[in-house]
Every structure is written in structure tokens, then in C-alpha cells.
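[1] from the sequence below, what's the structure:
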Amino acid sequence: MLNIRLAIRFIFNLKKSSYSSYASWLTIIGLSIGVTALMLTTSIIGGFKEVVSDKLSRIEGQGRLKHFLNRPVLLDHDLLKPIFNNSNYKIKPYIRGACMIRKGKNLDGVIIEGISHYPNLTNSKDSNFIENNQIVLGESLASSLGAKIGDRIFLQSYSKSDLSLLSSKIYSFEVYNIFYSGLQEYDKNIAYIGIKKAQSVFGFDVNEFTGLIIENNQNSSIKVPYPFYYETWKERHALLFEWMLVQQWPAYIMFGLITFVGLINLFAAITMIIIEKNGSITILLSQGMNITSLRRVFMLQGGIIGILGALIGGVISFILISIQLKFSLFKIPSEIYFMDQVPFSFEIGKYLIILILVSIFSIIASWLSTRSFKNLNPAQALRYE
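    I've put the predicted structure just below:
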């Protein structure tokens with residue numbers, strides 16, 4: 001208890017107008033800034049990954065089964081019976097193909113996906129069901145076409161029997177809804193229509209589909225026989241997640257250096273406090289306190305400073321994250337970052353790791369500062385007090 005009381009006294013009860021009276025608080029401020037920067041970096045990286053993963057999983061589904069040669073998948077295929085008979089799988093067939101889309105004089109290319117229930121990307125409660133002559137457009141695609149809900153647009157597609165765009169049929173659709181995912185790859189290039197209508201547009205028979213969207217309740221791997229293959233949304237976008245993994249380490253290192261500078265400041269502050277309080281230290285030694293106990297006092301001081309800096313940094317970062325989540329103050333271009341605002345995800349586990357590491361390194365920095373005690377001569381130091 002004596003060691004703790006002395007450590008707290010050295011931090012909070014030092015003489016005014018001396019260096020040591022400000023050193024501890026300046027060190028705490030420096031560490032809190034470093035921890036704040038590191039926590040915000042960790043939260044942004046985690047939030048970015050979380051937002052992208054959530055959007056891709058909602059759009060793509062857990063995984064998709066397709067034919068190796070891009071041939072239509074037949075629902076009554078013998079090799080697929082074990083999959084349809086498995087109660088752990090939720091299966092939804094889909095149709096996918098390229099079309100020309102037009103509204104007035106505006107023309108663009110688009111990927112049409114025919115499904116019975118499209119991804120939950122809008123706020124409308126009844127927007128997950130598509131009728132035969134309805135279409136759901138991405139926000140960027142609707143903007144480039146000048147289309148809004150209720151407008152009439154036209155699709156022109158190659159079917160299996162068409163040889164040119166001139167011989168293909170033109171289909172009329174009503175814009176039923178407009179979705180926004182924040183992913184330009186989808187918002188500008190994807191449109192959803194009913195699955196039966198998609199079969200008609202692309203010339204598929206009633207029992208033919210581009211593939212199957214399979215949701216696995218047990219999250220286990222799905223094995224499918226040749227000539228079919230199963231690809232999860234993570235596997236399809238593996239390069240994106242590899243890029244995210246590569247990018248996060250330079251960010252951790254760069255902002256971690258700010259915390260490292262705070263630890264260097266702690267080392268310097270403890271060293272200067274020891275020099276300034278040399279007389280008080282020698283008095284304690286002359287009264288019977290051993291060097292080991294004295295070292296513990298300054299190590300405790302460093303640990304307390306580290307904990308306070310980490311706690312203050314955590315509170316600041318939590319406040320900033322809460323403000324961003326509520327008011328979305330920090331905007332970013334969605335064409336580059338797959339979202340229109342800076343994402344945050346505060347993870348208490350990562351914060352506790354940072355708190356523990358900062359405290360441990362603070363104690364180590366304080367211990368390094370006390371190595372000069374072995375050269376301390378109490379009689380020589382007290383001569384000048």
C-alpha cells in the first residue's frame with residue numbers, strides 16, 4: 001500500500017512550477033492521444049470490414065452453386081437431389097444475364113438478376129417481392145437513366161435463340177423500387193426482376209436456372225459434385241479481403257507509433273522526475289527503504305499513467321465513434337470506399353488488449369528509467385539537500 005500511495009503522490013501531489021508537476025499529466029495526455037488514434041484506426045478497419053461483409057452477404061447470399069461451363073442448372077438433376085433433400089440448406093434459384101436498359105434517350109448496359117425475393121437493401125417493408133413486370137434498380141443506375149419509382153423502362157436482351165440485338169425482344173418494366181448498397185459495382189450495374197420474367201427474357205425453360213443461392217444454417221462447407229461448383233461470397237471477393245488485410249497493417253504500425261512516442265515520453269518523464277526528486281529518494285533510502293521497493297514505486301507510477309492514458313483515450317474514441325454513428329459527420333466517396341461515410345465498430349476485446357499492452361509497456365518504460373538507482377549514493381546526494 002505504501003508503494004501505491006507514493007506512486008500516486010508523485011503523480012498528483014508534486015510541487016507546483018516544477019517540471020515534474022507537469023510531466024505526469026503531459027505523459028497521460030500523450031498516451032491518451034496515441035490510444036485514441038490507435039482505437040479509431042482499429043474501429044475504422046473493423047467497421048469497414050464489417051460493413052462490406054454485411055452488404056456482400058446480403059446481396060450475394062451465403063454462397064452460389066453454378067455449372068462449371070456456365071450451362072443452365074436443372075432443378076431435377078440427379079446429382080443435386082442430396083442438396084435439395086438436406087433440411088439444413090435454404091435454396092433459392094436465380095437467373096442472371098446481361099441486357100441493354102433504356103428510358104427515353106438514356107441507354108446503358110446492366111446485369112439483370114431474376115429472383116423471387118431480392119436482397120433487403122431498401123427501407124420498404126414490402127419491397128422484397130418482385131412481380132412479373134416490376135424492376136428494382138440501383139441508385140446510381142436509376143440516376144444515370146433519369147428513372148424514378150413508377151417510371152416505365154425497357155430491357156433488350158440476347159436469348160439463347162437470338163443472333164443479334166436487332167432480333168432480340170424488348171420488354172417493358174415498371175420501376176418498383178430503388179436500392180442503395182453503397183457498393184458502386186452493384187448500385188450502377190445490377191437490376192432485379194422476377195425470376196419467371198427473367199426466364200422469359202433470357203430464353204430459359206421453366207426448369208432451367210443460372211444457379212442456386214444456398215444458405216447453410218450450420219455454416220459448414222458444402223460439397224457439390226462435378227460439373228457443379230459452390231462459391232461463397234467471401235471466395236468470390238477474396239482479392240478485396242486480401243487487400244483489406246494488407247492495408248490494415250501499415251495503418252496499425254503508423255498509428256501505433258503515436259502510442260510508442262507516448263511511451264518514450266513516459267520514459268523521459270519518469271527519468272526527469274527521478275532526477276528532480278533525487279533528494280526525496282535518498283531520504284527514503286536512508287530511512288530503510290530498499291532499491292527494489294523504490295523501483296516498484298516508479299513502476300507503479302508508470303503503470304498508473306499508462307492505465308489513465310488508455311482509459312482517457314478509450315473514452316475519447318468511444319465518444320467520437322458514438323457521434324459518428326449517430327450523426328455521420330465524416331463522409332467519404334462511395335465510388336472508392338464502397339460506402340458513403342466512415343464506418344466504425346467499437347470492439348471491447350480489442351480495446352482491452354490495447355489497455356493491457358499500454359499498461360505493460362508503461363511499466364517496462366518506468367523500470368528502464370529506474371536503472372540509475374544502482375549508482376545512487378545517498379550520502380553524496382544528501383550533502384547538497
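[2] now the helices for the stretch 1-150 of the chain?
    With DSSP state H, counting those that start in this stretch as the criterion, the stretch 1-150 of the chain has helices at 2-12, 19-60, 81-84, 139-145.
[3] for burial, what's the neighbour tally of the closest residue to residue 30 other than its chain neighbours?
    Nearest non-adjacent residue to residue 30, counting by C-beta to C-beta, 6 or more residues apart in numbering: residue 262, 4.0 Å away. In short, each C-beta sits where N, CA and C put it, glycine included. Residues within reach of residue 262, counting by other C-beta atoms under 10 Å, total 28.
[4] mind putting the helices of the stretch 1-150 of the chain into a markdown table with distance to residue 350?
    Compiled in a markdown table, the helices of the stretch 1-150 of the chain are given as follows (distance: least, C-beta to C-beta, whole Å):
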| stretch | distance to residue 350 |
| --- | --- |
| helix 2-12 | 27 |
| helix 19-60 | 5 |
| helix 81-84 | 39 |
| helix 139-145 | 33 |
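[5] buried set for the biggest strand by length in the chain?
    Looking across the chain with DSSP state E, the single longest strand is strand 89-103. Residues 89, 92, 93, 94, 95, 96, 97, 99, 100, 101, 103 are the ones in strand 89-103 that count as buried (16 or more other C-beta atoms under 10 Å).
[6] between the residues you listed, which is nearest residue 64?
    Comparing the buried residues of strand 89-103 against residue 64 with C-beta to C-beta places residue 94 closest, at 7.8 Å.
[7] show me where pLDDT drops low in the chain?
    For the chain, the stretches with pLDDT under 70 are 1-2, 10-21, 121-129, 158-167, 219-220, 373-385.
[8] let's see that with 80 instead.
    The chain contains residues with pLDDT under 80 at 1-22, 118-132, 158-168, 217-221, 275-289, 334-338, 340, 372-385.
[9] could you chop it up by domain?
    2-56+240-382, 72-226 (automatic domain parsing).
[10] export those domains to JSON lines and tack on distance to residue 64?
    As requested, these are arranged in JSON lines below (distance: least, C-beta to C-beta, whole Å):
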{"stretch": "domain 2-56+240-382", "distance to residue 64": "12"}
{"stretch": "domain 72-226", "distance to residue 64": "5"}
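[11] closest to residue 63 out of these?
    Closest to residue 63 of those is domain 72-226 (C-beta to C-beta; 5.4 Å).
[12] quick check: end-to-end length of that closest one?
    End-to-end distance for domain 72-226, by C-alpha to C-alpha, to the nearest Å: 14 Å.
[13] where exactly do the strands run in the chain?
    63-67, 73-74, 89-103, 106-114, 134-138, 152-157, 170-179, 190-193, 208-209, 211-216, 228-232.
[14] so what secondary structure elements neighbour the fourth one?
    Yep, that's strand 106-114 we're talking about. Under the contact criterion of 3 or more C-beta pairs under 8 Å, 6 or more residues apart in numbering; DSSP states H and E, strand 106-114 touches strand 89-103, helix 139-145, strand 152-157, strand 190-193, helix 195-202.
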